[in-house]
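Q: sharing a sequence plus its predicted fold:
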Amino acid sequence: MVEPVADNACAPDWRVPVDVRGRGEDRVWVTTGRHVVSIDLASKRPLRVWDLDVCALRIVMADRNEATIVAASREDSGYSSRFLRIDKQGVHELPEYGRIAGLVADVVADRYGRLWWYDRASGAFVCRTPLGQAE
């Protein structure tokens, strides 16, 4: 059985790929446009859908209770990215990672809580630690 999920459009002219991650014991997390969906593996049905005011680009980390995603918005001066945590209580911005000018989609997290991605403009890998922590 296939359950429909929300459209992956962030704007009429901006669509992003769906991302599926965090397969735990009983659930998987999915980003689809301006939505994050928690899906029960046994029944293959959505448990909950969180509506966002930004575009969900990718799931960075996930377990059965929460997911950390990179999200972006389009503004007059271009795109900006930020990190959000999704859990039963709702959507929480992670200001300790700050905002990033541009689209940052291919982010990975290491076991120390650092976030890494490749910056095409500079041609180098970027490491973002939570603000206030030494790298």
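A: Structure's in. What do you need?
Q: in this structure, where is pLDDT below threshold?
A: With pLDDT under 70 as the threshold, the chain has low-confidence stretches at 1-7, 22-24, 131-135.
Q: the same query, at a cut-off of 90, please.
A: Applying pLDDT under 90 to the chain picks out residues 1-28, 30-33, 39-47, 57-58, 60-66, 74-80, 95-115, 117-135.
Q: if I pick Arg34, what's in contact with it?
A: By CB atoms under 8 Å, 6 or more residues apart in numbering, Arg34 lies in contact with 6, 9-10, 51-56. For every residue, glycine as well, the C-beta is placed using N, CA and C.
Q: of the residues you listed, keep whichever come out buried.
A: Buried by 16 or more other CB atoms under 10 Å: 6, 10, 52, 54-56, out of the contacts of Arg34.
Q: closest one to Gly113 out of these, please.
A: Ala56 (20.4 Å; CB to CB).
Q: got phi/psi on that closest one?
A: Ala56 adopts backbone torsions of phi -80, psi 110, taken as degrees, to the nearest 10.
Q: picking that back up, okay, the contacts of Arg34 in TSV with distance to Ser73 and secondary structure next?
A: Compiled in TSV, these are given as follows (distance: CB to CB, whole Å; DSSP: H, G, I helix; E, B strand; the rest coil):
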residue	distance to Ser73	secondary structure
Ala6	18	coil
Ala9	14	strand
Cys10	9	strand
Asp51	14	strand
Leu52	10	coil
Asp53	8	coil
Val54	5	coil
Cys55	7	strand
Ala56	11	strand
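Q: okay, these in JSON lines with distance to Tyr118 next?
A: Shown next, in JSON lines, are the contacts of Arg34 (distance: CB to CB, whole Å):
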{"residue": "Ala6", "distance to Tyr118": "29"}
{"residue": "Ala9", "distance to Tyr118": "26"}
{"residue": "Cys10", "distance to Tyr118": "22"}
{"residue": "Asp51", "distance to Tyr118": "30"}
{"residue": "Leu52", "distance to Tyr118": "25"}
{"residue": "Asp53", "distance to Tyr118": "27"}
{"residue": "Val54", "distance to Tyr118": "22"}
{"residue": "Cys55", "distance to Tyr118": "20"}
{"residue": "Ala56", "distance to Tyr118": "20"}
